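Trainee: compute the structure for the input listed below.
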Amino acid sequence: MNKLKKNIIWIPIATAIISTLVLVYLSFGQKANYNKQYSLFLQDITDNNISKVIFNNDANLTVFLKNGSKYSTSNPNSPTLKEDLLKNNIEILDEKVSSPSKTITSVMLLTSIISIVFISLNKKNLGSSKISNLDVKDFSVDENALNFNSVAGNEEAKESLMDVVDFLKNPDKYKEYGARMPKGVILYGSPGTGKTLLAKAVAGEAKVPFYALSGSDFVQVYVGVGAARIRNLFKKAKAHGKAVIFIDEIDAIGKKRGGSNASSGNDERDQTLNALLTEMSGFGEKEGIVVIAATNRLDTLDSALLRPGRFDRHIEVSLPDLAAREKIISLHLKNKPHNEINIKDIARKTAYFSGAKLESLINEAAIIAAKENSLSLNEGHINKAFSIVLAGYEKKERSHYLEEDRLLTSYHEAGHALLSLIKTPEDTVSKITIIPTTKGAGGYTLTIPKDSSYQRLDYLKNRIMVLLGGRAAEELIFGKDKISTGAEGDLSKTTEIALSMISEYGMGNTLGLLKLSSLGQLSNSYGNPVVEECRELINSLYKETITILIENRKILDKIANELLDKETLDKEEIYTIYNIFK
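Mentor: The predicted model follows:
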């Protein structure tokens, strides 16, 4: 149907072309090939050579001979000429009176031109309408809609959102106390923590329509289009009464205005943001519309968005803790056949996993079970999936790997593991392998960190030493000239931690308790001293790391040799080796 609508313009175009060709033929097909004197024309009448004569508009006569040829001659405008021609049985046509075929063709051509113009204007209006309209994912009230029982963890966030649900369900109860409904709620936190699910659950609990869209949907090339889309969205929501509008990634349109970038400001983004602010101020609590927005960076949003009366509530949706991870894992296992799975153990292993990452883990385990035609998911499938999610799939073809590369990788990973066992005993070294993976790792050491709300200075230093353990082991065993590129990822993480310690956490001497990112343009003058302090910190920790490896050389050699022999060591094997030599 849509294809037919798109191609319908070709019908009047084709008609216009055909009509034009017919008119050309009728107009020029009857023109004479040459001219003759009028006296010769009279002679042809006498000789009975003429079959038809056309009286043209240009004061000439077009004469058709019986042999098929034609010519033109002057029209004397004689009052008896037509009579004489008729007496000689000669057909007469007057071009001043249009023939029916030419009239019909002209009407068709005119109609086609009008149709082309109309369709073109209609398409233009339709295009502009599509630009201003917004493709909103409209989830109407559904019996199977998500509710808070469908969202595991985030109990504090759910508790805050229950007020909004109660407002939507029982507005009169709050009206008696003179309380108004929160117009907007900001959900902020790490990616994959369930912000969208919580917004859907609010609409599902309150049994109201749910309109979902992304901030990037409002960002357009043409100035004013995003603002028009905002107005259309709120107009649509108001037409349905109570509703929940969800704007994901609101930082795409809601970033702070002004500042150092004011001169190169984005007029379209500013207009869109202004339209959103105006619409949120324009509807009252009686309309029952709640706007829920999600962002990973609350600190980048404009203060006009965050003030009371706009987005009244700011709710953090954090990474799930141990209890929340248990609930999330149980929820995702509910519709999957499984047995002998220790959910508590999985929850402990998945510290700092988001809800989305936990779902990916269980789904990967289900895929593995299906590939193996297993009757149900078991602990083995979960462990395989755990390695895949973190490090990628193990490479099957490894015959091209040199023995010297395997030896270097063994000592590199043994260095990581040994430093973790010594310096971060609260973390669990779960697995060491020298099998390359599809994510580019030549091997990896899997360490499960302890759940913690914050990290202390001594832990961060120890964490840097664990990351430097691989490079330090390479230098100790093979010499400084034989170190490899395998520590690139470790050095990147080390630099990030050290820079954050000194510039953001107030753990350095150069800035003291100042935060570099809050200094604005003044931060430029501190750049080199901060980098120098980072270098000195990492170098001193690296020297300490080498000293520890020298002191524990026997354990390092043992772990490396076991890795060469078995390629993979599990938790029990790792701690058995460590405890024997400790």
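Trainee: run through the stretch 451-582 of the chain and note the low-pLDDT ranges.
Mentor: Applying pLDDT under 70 to the stretch 451-582 of the chain picks out residues 582.
Trainee: how about the closest residue to residue 88 other than its chain neighbours, secondary structure?
Mentor: What sits nearest to residue 88 in space, not counting adjacent residues and going by CB to CB, 6 or more residues apart in numbering, is residue 45, at 5.7 Å. (Glycine included, C-beta is placed from N, CA and C.) Per DSSP: H, G, I helix; E, B strand; the rest coil, the secondary structure class of residue 45 is helix.
Trainee: wait, residue 45 sits on residue 89?
Mentor: No: in this structure, residue 45 is not within contact of residue 89 by CB atoms under 8 Å, at 10.7 Å.
Trainee: would you list every one of the strands in the stretch 151-300 of the chain?
Mentor: Assigned by DSSP state E, counting those that start in this stretch, the strands in the stretch 151-300 of the chain fall at 184-188, 210-214, 243-248, 289-295.
Trainee: contacts for the third one, please.
Mentor: Right, the one you point to is strand 243-248. Residues from elsewhere that reach strand 243-248, judged by CB atoms under 8 Å, 6 or more residues apart in numbering: 168, 195-196, 199-200, 202-203, 206, 208-215, 233-234, 237, 288-294.
Trainee: can you list the domain ranges for this protein.
Mentor: 2-101, 137-257+266-316, 322-391, 403-581 (automatic domain parsing).
Trainee: settle it for me: which of residue 45 and residue 89 has more neighbours?
Mentor: Each of residue 45 and residue 89 has its neighbours counted (other CB atoms under 10 Å); residue 45 has more, 17 against 9.
Trainee: distance check, the more buried one against residue 111.
Mentor: 42 Å (CB to CB, to the nearest Å).
Trainee: can you pull out the helices in the stretch 151-300 of the chain?
Mentor: Residue ranges of the helices in the stretch 151-300 of the chain, as given by DSSP state H, counting those that start in this stretch, are 155-169, 171-175, 195-206, 225-239, 251-254, 267-282.
Trainee: could you pull out the buried residues of the second one?
Mentor: Okay, so that is helix 171-175. residue 171 (16 or more other CB atoms under 10 Å).
Trainee: pretty sure residue 56 sits against residue 70.
Mentor: No: with contact defined as CB under 8 Å, residue 56 does not reach residue 70; the gap is 12.0 Å.
Trainee: give me the common contacts of those two.
Mentor: In contact with both residue 56 and residue 70: residue 62, using CB under 8 Å, 6+ apart.
Trainee: let's check: the centremost residue of this structure is which one?
Mentor: Residue closest to the average C-alpha location in the chain (CA atoms, centre = their mean): residue 216, at 8.0 Å.
Trainee: so what's the nearest residue to that one once chain neighbours are set aside up against?
Mentor: Nearest non-adjacent residue to residue 216, counting by CB to CB, 6+ apart: residue 252, 4.8 Å away. Residue 252 is in contact with 214-216, 218-219, counting by CB under 8 Å, 6+ apart.
Trainee: also residue 512?
Mentor: Counting by CB under 8 Å, 6+ apart, residue 512 makes contact with residue 506.
Trainee: against residue 520, how distant is it?
Mentor: 17 Å.
Trainee: where's residue 510, which helix or strand?
Mentor: Per DSSP states H and E, residue 510 falls between elements, in no helix or strand.
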